[in-house]
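Engineer: this is a predicted model, with the sequence first.
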Amino acid sequence: MQPNELIIQVQQKNERAFQQMYAMYSENIFGVIYAVLKDEALSEEVLQDVFIKIWNNSTSYSEKKGRFFTWILNIARNAAIDKTRSKSYKNAKQNQSDDYFVDILEEKSSFSHKIDAIGVQKYIDSLEPLCKNIIDLLFFKGYTQKEASKALEIPLGTIKTRNRSCIKTLRKTLAV
């Protein structure tokens, strides 16, 4: 079944098409969620929530607005970021072991394994270092633009402008 046919069938609430879609996308979507949460069980929970949102809101997807996979990625990334901002998540992370913080510090320096999980490694590698850092913080680590501004010691307005510019460059690269 072609992706467009699959999308239409999911929008018509065809459960078999939805199962096929889950099989096609769940591994990549899990990778995006896990990159933000760094907790397998919690990532699985958010993954299920994401696919419920996809099922419930599938009719809001329009091909005119962009690719279906991008729509799903945005839902997943937003759900993961929302989870990190929840009170229950923050409370659970207050009592983490030292190992958890060592892992975070080690992962802050490299995000290549995360982006490789969704197949965009070669495209990210083509970007300039500042773009890589901005995309890493905003899209893979769940930082707000204000938090990225502080972390990179760059004015907030510059982060916003550079983010738009970096995404535009990335879109051009992906279109080739």
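Structural biologist: That came in fine, so what should we check first?
Engineer: when you work out contacts or count neighbours from here on, use the C-alpha atoms and nothing else.
Structural biologist: Fine.
Engineer: all helices for this structure, in order.
Structural biologist: Along the chain, counting by DSSP state H, helices occupy 3-11, 15-37, 40-57, 68-84, 87-93, 98-108, 112-117, 121-125, 129-135, 145-152, 156-175.
Engineer: tilt between the third one and helix 15-37?
Structural biologist: Okay, so that is helix 40-57. For helix 40-57 against helix 15-37, the angle by axes from the mean of the first three to the mean of the last three Cα atoms, to 10 degrees is 140 degrees.
Engineer: other SSEs contacting helix 40-57?
Structural biologist: Applying 3 or more Cα pairs under 8 Å, 6 or more residues apart in numbering; DSSP states H and E, one finds that helix 40-57 makes contact with helix 15-37, helix 68-84.
Engineer: for the longest one, what is the average pLDDT?
Structural biologist: Here helix 15-37 scores 91 as its mean pLDDT.
Engineer: can you list the buried residues in that helix?
Structural biologist: 17-18, 21, 26, 28-37 (16 or more other Cα atoms under 10 Å).
Engineer: with stretch 140-160 instead?
Structural biologist: For stretch 140-160, using 16+ other Cα under 10 Å, the buried residues are 140-143, 145, 148-149, 156, 159-160.
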